[in-house]
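Peer 1: Sequence first, predicted model second:
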Amino acid sequence: MTDVTAKVVAERHLALVMETEHRLLEQLFPRHILQYMAEEWTQPAFRRRQQQQLAAAAAGGGGDWRPVVRNCNALATWHPRVTLLFADIKGFTPMCQELPPRAVMAMLNDLYSRYDRMLDKHGVFKVETIGDCYFVAGGLIREDEDGMAA
C-alpha cells in the first residue's frame, strides 16, 4: 500500500493557492482579460505542466517552481481619450518628519476619502494610492452588458 498523504496535502495546497490567486485576479483585471488568461488554464498542455509541478512538489523537488504567465499583449487596446492623474503632495516627506505619524495618516485618510467620494461623479477609476500619491484614470471604464466595469 502506498502512502498518498504528501500528494493529498500538495493538491490541497495547490487548490488553495489557485483559489486565492483567482480571487486576487478578479480584483485586478476586467472580465475579458481573466477569460483570456483562463483559456490557457483549460488547455491539456497547461494541465500536464501543473501535474508535473505538483508531482515535483510532492517529491520535495518543487523549489524551482515559477508561475506561468501568459502573454497578454494581444489584449492591448487603444483608448482615444484617456487622462491619467497623479496627485502628489508637495513637501510630504519633510512634513512627515515634523508631524506625528497619527496626524499624517489622519490627513491622508481625510484627503483620500474626499477624493474617493468624487470618483463616480467625474467618471474616473482609482488605480491606486502610492504613499502620498493618488493615481486615477479617466476614459478607461465602461460598463458591460451585466453593468460591470469592463
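Peer 2: Great, that's in hand.
Peer 1: Is it correct that Arg31 is in contact with Asp144?
Peer 2: Yes. Taking contacts as Cβ atoms under 8 Å, Arg31 lies within contact range of Asp144: 6.8 Å. (Glycine included, C-beta is placed from N, CA and C.)
Peer 1: And the strands in the chain?
Peer 2: 83-87, 124-130, 133-138 (DSSP state E).
Peer 1: Adding distance to Ala74, mean pLDDT and mean neighbour count, write those strands out as a markdown table.
Peer 2: Below are these laid out as a markdown table (distance: least, Cβ to Cβ, whole Å; pLDDT from 0 to 100; neighbours: other Cβ atoms under 10 Å):
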| stretch | distance to Ala74 | mean pLDDT | mean neighbour count |
| --- | --- | --- | --- |
| strand 83-87 | 23 | 91 | 12 |
| strand 124-130 | 22 | 89 | 13 |
| strand 133-138 | 21 | 92 | 17 |
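Peer 1: for the ones you listed, which one sits closest to Met37?
Peer 2: strand 124-130 (19.8 Å; Cβ to Cβ).
Peer 1: Taking strand 133-138 as reference, get the angle to that closest one.
Peer 2: 160 degrees (axes from the mean of the first three to the mean of the last three Cα atoms, to 10 degrees).
Peer 1: Partner strands of strand 124-130, with direction?
Peer 2: Strand 124-130 has the following strand partners under DSSP bridges: strand 133-138 (antiparallel).
Peer 1: picking up where we left off before, for the strands of the chain, which one sits closest to Thr77?
Peer 2: So among those, strand 133-138 is nearest, using Cβ to Cβ, at 13.2 Å.
Peer 1: What's the biggest helix in the protein, counting residues?
Peer 2: With secondary structure taken from DSSP state H, the chain has its longest helix at helix 5-28.
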